[in-house]
Structure formats: structure tokens, C-alpha cells
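> predicted model, plus sequence, below.
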Amino acid sequence: MFAGNGIKIFTDSLPFSHSPHVSHSLGIPVSRATVTKSGIGESNVRIAESVREDDVYIINTGCGQVNTSLMELCIMIHACKIASAKRITAVVPLFPYARQDKKDKSRAPITAKLVANMLQKSGCDHVITMDLHASQIQGFFDVPLYAEPSAILYIRNNFDISNLVIVSPDAGGAKRATSMADRLGVDFALFHKERKKANEVSRMVLVGHVKDKIAVLVDDMADTCGTLVLAAKHLTEAGATSVYAIVTHGILSGRALEAVEESTLTKLIVTNTLPQQENAARCGKLEVIDIGIVLAEVIRRSHYGESISKLFDEVPY
């Protein structure tokens, strides 16, 4: 039984939060803090209990009002730091500005690095996040985390893996997909895609064999779902018996849900790094995986100094 000695869990002020699930899994209450707004919109944070020499974990939703949420996180980290917390870890399932990870044109900012610097300057010692958009962002943090354990558990419980193939919708996600395929002991395929412009794929070429198999597309993020829908169409034409997609961050903007409903996808499975209640009600093909258990297990292992990497082999039930 997790005793929770010397550990405190805080959360942001947004209505959607993973903290109740994490708190229940760990068997410890969410610590008391208040976040209010001043007349001109400034965030005021008050930590309502002692954190001196405690191991503090601040769970930040990182969605919806992204800038407000990020500022609240930095202020809460700073408040805990000057209150003499022993160690402060930001738990941010969806890392803000993760897609702005490189200088892709003149005078473009690297905003993901800026956010990392903000957290560090605020007093954050570690960051736990899930499926960063690009692997190079891992260099900003000590504890990057993936949704892979949750996805593997779902696949083992819901598919016949003897007739399964893991598919990456692009070359950039090949490492993620091959890692999952190796752990499951199944085949792997990928698409090479060409874009005319951002969020618009012009051509996709399948590399690998999917005929008479269940194809499972895996990706870190689904925004407009154009790539997933097009990939599902090609997989069906290539002879796949059914096509599923498992995505960590379901942004699902614009006509994404309508496109999924009209596509050859049997089901789109997303984690709840973002709130999905409304989306699930609108789309019959959408299924949601709860990441609360994985986050709780990572916090427990981090607090007791246990290996985080073993989580990939010892998936918590």
C-alpha cells in the first residue's frame, strides 16, 4: 500500500483534471491550494498547507486555456519552491507548444524550448509528460513519459495479436511504432507521406504487408485526422481486414470527428490527456483510454526512486 509519506499532489484550476484519478490510485488526497483571478485577470495562487521538505507533484491539464494554464503552473511551482519544497515535479500530460519544437523558417521561435526554460526558472526539478511531438524535445527534460504502456495494455486486452500489424502513419513516428510492435511481438509497417502544406497530405505510400491482418495505426497526435483517414483508406485497399487508430493526444479540431465517422476506420482510440466526453458523445467510433493509472504509477516510482523504464514492461493493471 502506498503510504504517501512526504508527498503532495496539487492541481490547476481548470475543471478537467487527472488529479482525482491519480489521487484515488495512490490512495492519498489532493493537497489544498486555491487559484483565483484578480480584476485585471492576473492569477493568484495560494498553497493552503505546508510543503516544507515534501516531494511535490503538480498535475497540469495543459489544455483549453493553454496560456492561463501554463502561467498558473509556473506560479504554483514558484510558490512551492519558495515554501521550501524538497523537489517539484510538473506532471503535464499534453505539453504546451510541443509542435513548435524547431526553427523551421527565418525569425521563427522555438516555443517548446521557451516553455521548458519557463518551468526551469520557476523552480521545477522534473517534468513528466506524454508522447512529445518530436523526440528532440526530450533533451529539455529529465523524465519524459510515453502513453505506450496504456496503448499496449489496450491492444493486449482487445485484439488477437497473432494477426496484428502496427502501422506508423509517417516516417517520423516509426520509432514509436516499432517499439510497440517489438514489445507485442507483431509485424510493423509504415507510410511515407508527402505534404503540399501543413495539415494537408498529398501522397502516401505504404511500406510493409497488411493483407488479411488487423492494422493498428499509432500516432502521438490527431488534429484534423486527415492523415489517419487517408492512411485507413490505403490500408483497407491494401487488404487489411479492419483498421484501428490509437492516438495519445486527441485534439480533433474542425471536421475531424465527421471525417472519422465517414472513414474506413473501425475505431479511433484516444487517451484522455485532453477532455473527450463531448467528442465521445458526438462520434460513435471514438473510444477513450484513461491514463490516470499510468500517471499514478509513474509518480509512485519517481517518489520512491524506482525505475521508470520498467513501466514499459510491467504495465500497471
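That came through fine.
> look up how far S84 lies from the residue nearest the centre of the chain.
Central residue of the chain (Cα atoms, centre = their mean): M130, 3.7 Å from the mean position. Distance from M130 to S84, counting by Cβ to Cβ, to the nearest Å: 29 Å. All C-beta spots, glycine's among them, are computed from the backbone N, C-alpha and C.
> show me where pLDDT drops low in the stretch 51-200 of the chain?
The model of the stretch 51-200 of the chain has pLDDT under 70 over residues 62-64, 132-148, 194-200.
> what about 80?
Residue ranges of the stretch 51-200 of the chain with pLDDT under 80: 61-64, 101, 104, 131-149, 172, 193-200.
> checking my notes, R203 in a helix, right?
No. Assessed with DSSP: H, G, I helix; E, B strand; the rest coil, R203 is strand; it does not lie in a helix.
> helices of the protein, residue ranges please.
19-26, 66-82, 111-122, 148-158, 174-184, 226-237, 256-262, 277-282, 292-303 (DSSP state H).
> looking at those, which is closest to T34?
Nearest to T34, of all these, is helix 66-82, at 10.6 Å by Cβ to Cβ.
> distance of the residue nearest to R183 when sequence neighbours are not counted from C225?
Counting by Cβ to Cβ, 6 or more residues apart in numbering, R183 lies nearest to I152, which is 5.9 Å off, once chain neighbours are set aside. Going from I152 to C225 by Cβ to Cβ gives 23 Å.
> those two: which has the busier surroundings?
C225 (27 against 18; other Cβ atoms under 10 Å).
> so what's the more buried one closest to, chain neighbours aside?
A256 (4.2 Å).
> again, but for I110
Per Cβ to Cβ, 6+ apart, closest to I110 is K103, 5.7 Å.
> check which residues of stretch 111-127 are buried.
Of the residues in stretch 111-127, 112-113, 115-116, 118-119, 122-125, 127 count as buried by neighbour count, 16 or more other Cβ atoms under 10 Å.
> circling back to that earlier point, the residue nearest to C225 and T224 touch, don't they?
Yes. With contact defined as Cβ atoms under 8 Å, A256 counts as touching T224 (5.4 Å).
> joint contacts of the two?
Overlap between the contact sets of A256 and T224, as judged by Cβ atoms under 8 Å, 6 or more residues apart in numbering, is nil.
> rewinding a little: quick one: the residue nearest to I110 from P109, how far?
8 Å.
> and V127, by the same measure?
To P109, V127 is 20 Å away according to Cβ to Cβ.
> same deal with T227?
25 Å.
> likewise for A177?
For A177 relative to P109 (Cβ to Cβ), the value is 30 Å.
> same question for T271.
From T271 to P109 the distance is 28 Å (Cβ to Cβ).
> again, but for H234
Per Cβ to Cβ, H234 is found 35 Å from P109.
> ok, now D220?
Distance from D220 to P109, by Cβ to Cβ: 21 Å.
> who has more neighbours out of these two?
D220 (19 against 10).
> right, and that one touches I251 too?
No. Shown here, D220 and I251 do not form a contact pair, counting by Cβ under 8 Å, at 10.7 Å.
> residues contacting S13?
35, 72.
> one more time with 10 Å
By Cβ atoms under 10 Å, 6 or more residues apart in numbering, the contact set of S13 is 33-37, 43, 45, 61, 65, 68-69, 72, 76.
> got it, and Q65?
Shown in contact with Q65 (Cβ under 10 Å, 6+ apart): 12-14, 71-72.
> and for F188?
165-168, 174, 177-182, 207-208.
> nearest spatial neighbour of it, skipping sequence neighbours?
Here the residue nearest F188, using Cβ to Cβ, 6+ apart, is A181, at 4.1 Å.
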